[in-house]
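Student: I'd like to go over a predicted model; first the sequence, then the structure.
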Amino acid sequence: MISPMEKLRKTEVYKSIFRHKYEDTPRNRALQIVDNVFLHLHPVRVPRHATNIGYTWGMGGITFLLFLVLTLTGVILMFYYRPTAQYAYEDMKYLMHDVPFGPLIRNMHRWGAHAMVITVMLHMFRVFLTGSYKPPRQFNWVVGVVLLLLTFLLSFSGYLLPWDQLSIWAVTVGTNMARATPLLGHEGPFGPQLGMRPDADVRFVLLGGTQVGPPTLLRFYVGHCIFLPLIATIFMVVHFWRIRKDGGISGPDTGKKNF
Amino acid sequence: MKIFNSALMSFAVLSISTVTMYAGDIAGKISFDGKAPAVSQIKMNADKQCLSMHPNPVNSEEVVVNGNGTLKNVFVYVKDGLNKKFDVPTTPVVLDQHGCQYTPHVFGVQAGQSIEIRNSDPLLHNIHALPKNSPQFNNAQPLKGMKMTKKFDKPEIMVKFKCEVHNWMNCYAGVVDNPFYAVSDDKGTFTIKGLPAGTYTVEAWHEKYGTQQLKVTVSDKGAAADFKYAGK
Amino acid sequence: MLQKRAETPIENRNYSKFYLIFSGLLFLSTLWAVVDEVAVRRPWKTYQGEYYSLSAEKIREQYREAMAAVDSSAAAELSSQLAEANQRLESKEYKDAVKKADDLQLALANATRRWSFARSNSDAAYYEYKTTVHEGHPSENLKKKLDDLDNEIAGYAKEMADISTQLQFVNAILGGYKNTADSLDVALKALYADAHKLKSKFEGIKKSSIDIRQVLLNDFDKSNFGEVKARVDRCQTCHLGYSDKNMSDAPQPFTTHSNPELLTIHNPEKFGCTPCHRGQGHALTAGNAHGDTDHYWETPVLRGKDVYASCNTCHSMRQALKGVPYFSKAKQTLLESGCYGCHEINGFTNLPKIGPQLNTLPAKVKPEWVYRWMRNPKEYNPRTRMPNFRLSEEESEAITAYLFSIGQESSFKLDRPKGSYAGGSASRGREIFELVGCKGCHVVGDDERVRNARASSYDIAPELTHAAGKLNPDWIIDWIKNPRHYNPTTKMPSLRLTDQEARDIAAFVMTMRDDRPKETFTGDIASHEKIARGAKVIREYGCFGCHEIKGMENESKVSVNLSDFGRKKVEQMDFGDTKVHHTWYDWVGNKLKNSRVFQTERIVQKMAVFAFSDEEVSQLRMLLMSFRVDNPQPKYQELVTQRLTDIDAGQKLTIRYGCINCHQLEERGSYFGALLDEPAKGPPMITIEGAKVQEPWLQGFLKSPSPIRPWLKVRMPTFSLTEDEINTVTKYFLGLSKMNLELRDYAAFTPDPHLLPDGKKLFTEFQCIKCHQLGGAEIDPASVGPNLELARGRLKPEWVVSWLKNPEAIQPGTMMPGYFPDGQSPMPDVMHGDAKLQMEAIRDHLFTLGKKK
């Protein structure tokens, strides 16, 4: 007698969704991971030391988890937020007072952002302290630093979005530094010589004007929601790929050289 | 023997007093000590018609000391102790203008009760009432026989009435929210009838000599309340 | 434990406990988040529930009362009648009638059907017949058929008519039964109508939904970038009872809004709540909405009387608001204290300086007096408006020197030779002083009645109790005969005193000695350094803000602009060394009470110290709270019409010249009335002057007053107003009466000759002359009413009619009696008792009096 489950597994629909068999064989186990677009990030097999969370504390993973949380909560927030000077602050207020679970989502996003910066730094410290930047992982370290920078930029651009006094002045102070950029800022070394003016330099590009104003808000919003996350994704993809390629998650020194 | 006589006397006095007083009334006398002020005359020269109505001199009604050393026109009323609402009587109190004077000079009325104001003189009078708790009014009655009905909605001690045409004319109304009030007559006595048993604060008001209060306990046999005013 | 962990191979290490605990925590916190979101974080849901049950309870109470109030005997009567009527509906006759009606209906339907079929057949037959006619061979058969059918139709029609008649008859019987029952039912229901309404009301409340209530005000605010944006008010979500009359003794947040008349003008459905009460409109918890827990909200809710500050955001043009004396007094205090002399304030520009000119002091006072005044004005006159600048001896000496130096340069000389004051009687002077009206502005001795009636911490004219220590009698004569000689912009008027009266008053004033202990002054005021130093000190302290001083006519205001002071950040306020609570509120309160309170050794403050009472401090603080430039968009503000501008100018002028000291004007004034036992016997209420008097007369009167009311001993002073000022007053009065300034030829008013005989008759019957003077150039002190001959040239004809109609309504407490109670005439046989016509007749007769024939 064939059980119903057996019958199900023989149907074309089932076979179309689940491309591998179900029996518990090493091959099927490997196929579960390799055949899945989400899971094939992980190696099929991991070395023993990879299961020792005490070695890495999973900070990189936690950072990535936080990134996903931030993306999800960010998308939910986007349903209620309009990046114009007329509405930004009001919409933030509505989220806080009106929208069901509004404060929860907003706070998760905000605290998640702070937590992500902290975990990113912890991850960086860990990598440094375990020497996981040494050959062949030098390039990955650089990619990581770029990701750090992107994290900071995401925080900075997100800070403007509530459009309150803190936001505007923080961004004013931050972007004021931009005008002192060498070659690109109108108050930086060799900047004026290259034709940089207050209304035509890198700060102007950042702000969309000579002062923080409605164009800045829109610009920062697009950067925060689309541009920077896209760049960060690309870099993360490279970062994770290089982890795999450079020998997997770092572990204790085994004496063997990996390259 | 002496004891028997005094006992008989006190019994007689008691029985007389219980016979003369009704159950549940407050009766009393307003006595006036001291020198009565000089009687001032009202000069009605401003209006010849008024003057012609009074061949004999007319005295001011501000202070009227009766022959028996009592004070007339003292308004006595129950100020405290009643915790009921009383129905407003439908019959009006009558205030008459006669001989260029108000009659009566002092009267009581319940809040909400009508006051019928009549002009019994063949000349112009105006009635200007100056209450503080109710709306004022000032109306003219140029013809004899004219009648006007007014009322005061809120209690007030006392509402003054005056006439602008004849500036000696005035009278006072005590507006209360219960029917227990009286005005002392030309013997200086007053009676407030029909009070339920209890303890009350009774106040007496005089136009010149002000107010006095007494705590009175009324039983089925009634109670006495005597006020003393002194002239200066 | 850690050792055990170290012994276990890595891949065997079991983390399930951690996962369990943390997932449990996560689950619990999710649960908490949901519960918090749905219930805990939404206290307004609880409030709404409470409100509904409270409201339902109250209405249930009212329902019980209404049921109890139903006349039980009438109800019982009607019920029994209704029962009877219903009984009869069960009777055989009724049932038979019903059956009969049904049968007749059926018969009628059948008959109607037969009739309409016949008609259709007839139409068909007609067609066929007519076809033959048209074809030229009319058919006899068909014609016969047609005629038969028509007869049938007639027969059926008759049948129908018969049945209908019968049916009508039966229906009438039925109706008889049914209508009685129905009308009784209706009557019974009517008895309980109120009760049932209440019942359905409280049942409806039980079904009310729990929702957020909000009012959206589009285009109300402007963001900091100048963009117009909306405002949302959700206060009504918790404050549900604001318009519910049953909730007047309910606890907050359900209490009925006080002052419901105000709400009819400022309907919260249209205006929201935060424009008046401030607060965070879109918040839904008390702490956030009131700004108590959300400390970053810049406009927390206004409590108590501070709510009146919001009036100024839309009604900044008004100096007084009907029904809000707190607000009106605040503005009056600001105008009278002259804050605008040092501070620029929107809405208080182009106002005259409130102090006297200081260019001609030597004629009036001695240097010692000026020195002492500089040191502390309140030593000489505790109630002066001049605040105390706490000047040092050196500064006071310097200022005295400067003022006397410019004084000596001036060419001012008194109008009369020295010694002209001699021959006055002090006792006579006191009598004149008491009677003529000086006491409306000046206090002498212990009589504080007018001062108390005014209820300000200052007097608006100097107290004269020690005037002899300041003034000299030559100057006094010059001053009271013609104040504008010494001070061309003074508000002191002339009382048209005769020379002897002036001498008497001067003698009286000179008996007001100043024997109090005083600071001695031995300074040298002629030295050039002192004079130069004086000019410097004056410029530093800004005396020219209140006083005209030679050489300093064009100086700008010496202190900060207060037009946006309501939004000043507490972080920008200096609290000195004090322990005052760090809020805007406390800083301002302390500063107004004592301007130098926040002074330290390094930060010296120059604002003079006023002596405001606590009430005045609260009022001025409320006003300062209202000084903001982020007012709502113009479409929400009061439209500034010409009328409002005229009223505003008039109010400022009448406050300045002190009209309100003697006269009641709008809702304030008549402080002089405190001196009289009957305020109606004092200066008249002038709010109605615009509707009452002819404009040319008013202007003439203001230029040169003459007595009108015989009993009035007080004199209307001559204010020497300019043409512009007289026009301002005229337009002010007209504006108050909602009228425009028009050119009218009052002389052209002709009394209607048809009305005159009756008018004269009524005039005689009403015996007007028993009170009113008629004719005569002099005032007759025995009469109680003004000379009626003045009416023609003084009063507006329309106004006389309204006056006759109801004097008490126009001027409460007036001595003029009403002849037409409830609009009814006391003489119904004259002019058919038409009250309006009678009034016009009297008016027309009045306007003939005194006319030269």
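Tutor: That came through, no problem. Numbering: from 1, shown residues only, chains lettered A, B, ... in the order given.

Student: just the CA coordinates of the helix or strand bottoming out on mean pLDDT in chain C, formatted as CSV?
Tutor: Across the helices and strands of chain C, mean pLDDT, DSSP states H and E gives its lowest value to helix C:2-7, namely a mean of 76. Output in CSV follows, covering the C-alpha atoms of helix C:2-7 (Å, rounded to 0.1, in the frame of the first residue of the first chain):
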residue,chain,number,x,y,z
LEU,C,2,32.1,25.7,31.5
GLN,C,3,34.4,22.8,32.0
LYS,C,4,31.7,20.4,31.0
ARG,C,5,31.2,22.5,27.9
ALA,C,6,34.9,22.5,27.1
GLU,C,7,34.9,18.7,27.3
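
Student: Centre-most residue in chain A?
Tutor: A:Phe67 (4.6 Å; Cα atoms, centre = their mean).

Student: got the contact list for the residue of chain B found nearest chain A?
Tutor: In chain B, the residue that lies nearest chain A is B:Lys154 (48.6 Å; Cβ to the nearest Cβ). Every residue, glycine included, has its C-beta placed from N, CA and C. For B:Lys154, the contacting residues are B:111, B:131, B:133-134, B:175, by Cβ atoms under 8 Å, 6 or more residues apart in numbering or on different chains.

Student: so what are the domain limits for the chain?
Tutor: As the question left the chain open, I've gone with chain A. A:25-56, A:57-245 (automatic domain parsing).

Student: that answer is for a different chain, and I need it for chain C
Tutor: C:1-39, C:71-191, C:212-301, C:325-342+C:560-605+C:607-634, C:361-545, C:657-739, C:747-846.

Student: Enumerate the residues of chain B near chain C.
Tutor: Within reach of chain C by Cβ under 8 Å from any Cβ of the partner chain, chain B has these residues: B:46-47, B:123-124, B:126-128, B:130, B:136-143, B:146, B:148, B:164-165, B:167.

Student: rerun at 7 Å
Tutor: Taking Cβ under 7 Å from any Cβ of the partner chain as the measure of proximity, chain B contacts chain C at B:46-47, B:123-124, B:126, B:128, B:136-140, B:142-143, B:146, B:148, B:164-165.

Student: Put the buried members of the residues you listed into a ChimeraX selection.
Tutor: The ChimeraX selection below is limited to those of the residues of chain B next to chain C classed as buried (16 or more other Cβ atoms under 10 Å in any protein chain shown):
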select /B:46,47,123,124,126,128,137,138,139,140,142,143,146,148,164,165
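
Student: looking at chain B, which helix or strand is least sure?
Tutor: helix B:2-20 (a mean of 51).

Student: Quick check: what element follows that helix along the chain?
Tutor: strand B:26-33 (DSSP states H and E).

Student: Could you tell me which residues within that following strand count as buried?
Tutor: So for strand B:26-33, counting by 16+ other Cβ under 10 Å, buried means B:26-32.

Student: ok, now which ones touch residue 213?
Tutor: Since you didn't name a chain, this refers to chain A. Applying Cβ atoms under 7 Å, 6 or more residues apart in numbering or on different chains to A:Gly213 gives the contacts C:Phe225.

Student: My question was about chain C, not that one.
Tutor: C:234, C:236-237.

Student: Phi and psi next, for B:Tyr181.
Tutor: phi -150, psi 160 (degrees, to the nearest 10).

Student: Thought B:Ala173 was touching it, still the case?
Tutor: No: using Cβ atoms under 7 Å, B:Tyr181 makes no contact with B:Ala173, being 10.6 Å away.

Student: The two: which is more packed in?
Tutor: B:Ala173 (24 against 21; other Cβ atoms under 10 Å in any protein chain shown).

Student: what's downstream of the helix or strand hosting the more buried one, the next helix or strand?
Tutor: Per DSSP H and E, B:Ala173 falls inside strand B:170-176. Of the helices and strands lying after strand B:170-176 in sequence (DSSP H and E), the nearest is strand B:181-183.

Student: what about that next one, average pLDDT?
Tutor: For strand B:181-183, mean pLDDT rounds to 92.

Student: Stretch C:38-57 now?
Tutor: 89.

Student: any idea which helix or strand carries the residue of chain B closest to chain A?
Tutor: Assigned by DSSP H and E, B:Lys154 falls outside every helix and strand.

Student: For the nearest residue to it once chain neighbours are set aside, grab the count of nearby residues.
Tutor: Excluding the flanking residues, the one nearest B:Lys154 by Cβ to Cβ, 6 or more residues apart in numbering or on different chains is B:Asn133, at 4.0 Å. Residues near B:Asn133, counting by other Cβ under 10 Å, number 13.

Student: any idea of the pLDDT on B:Asn133?
Tutor: 90.

Student: The residue most central in space within chain B bridge partners, please.
Tutor: Centroid check for chain B by Cα atoms, centre = their mean gives B:Val183 as the closest residue, at 3.0 Å. Here B:Val183 sits in beta bridges with B:Phe75, going by DSSP bridges.

Student: Touching, it and B:Val109? I think so.
Tutor: No: using Cβ under 7 Å, B:Val183 makes no contact with B:Val109, being 11.2 Å away.

Student: tell me the SS of C:Arg621?
Tutor: Secondary structure state of C:Arg621, per DSSP: H, G, I helix; E, B strand; the rest coil, is helix.

Student: next one: C:Asn631
Tutor: C:Asn631 ends up coil, using three-state DSSP.

Student: any weak-confidence spans in the stretch 651-800 of chain C?
Tutor: Nowhere does the stretch 651-800 of chain C drop to pLDDT under 70.

Student: ranges for the helices of it?
Tutor: C:659-662, C:689-692, C:695-703, C:723-736, C:756-765, C:791-794, C:797-805 (DSSP state H, counting those that start in this stretch).

Student: wait, which of these is closest to C:Tyr52?
Tutor: Proximity to C:Tyr52, assessed across those by Cβ to Cβ, is greatest for helix C:723-736 (46.2 Å).

Student: Just the CA trace of the closest one, in PDB.
Tutor: C-alpha atoms of helix C:723-736 as PDB (Å, rounded to 0.1, in the frame of the first residue of the first chain):
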ATOM      1  CA  GLU C 723      -9.400 117.000  14.400                       C
ATOM      2  CA  ASP C 724      -7.900 113.500  13.700                       C
ATOM      3  CA  GLU C 725      -8.500 112.500  17.300                       C
ATOM      4  CA  ILE C 726     -12.100 113.700  17.100                       C
ATOM      5  CA  ASN C 727     -12.600 111.700  13.900                       C
ATOM      6  CA  THR C 728     -11.100 108.700  15.600                       C
ATOM      7  CA  VAL C 729     -13.600 109.000  18.400                       C
ATOM      8  CA  THR C 730     -16.500 109.400  16.100                       C
ATOM      9  CA  LYS C 731     -15.600 106.400  13.900                       C
ATOM     10  CA  TYR C 732     -15.000 104.400  17.100                       C
ATOM     11  CA  PHE C 733     -18.500 105.100  18.400                       C
ATOM     12  CA  LEU C 734     -20.000 104.400  15.000                       C
ATOM     13  CA  GLY C 735     -18.000 101.200  14.700                       C
ATOM     14  CA  LEU C 736     -19.200 100.000  18.000                       C
END
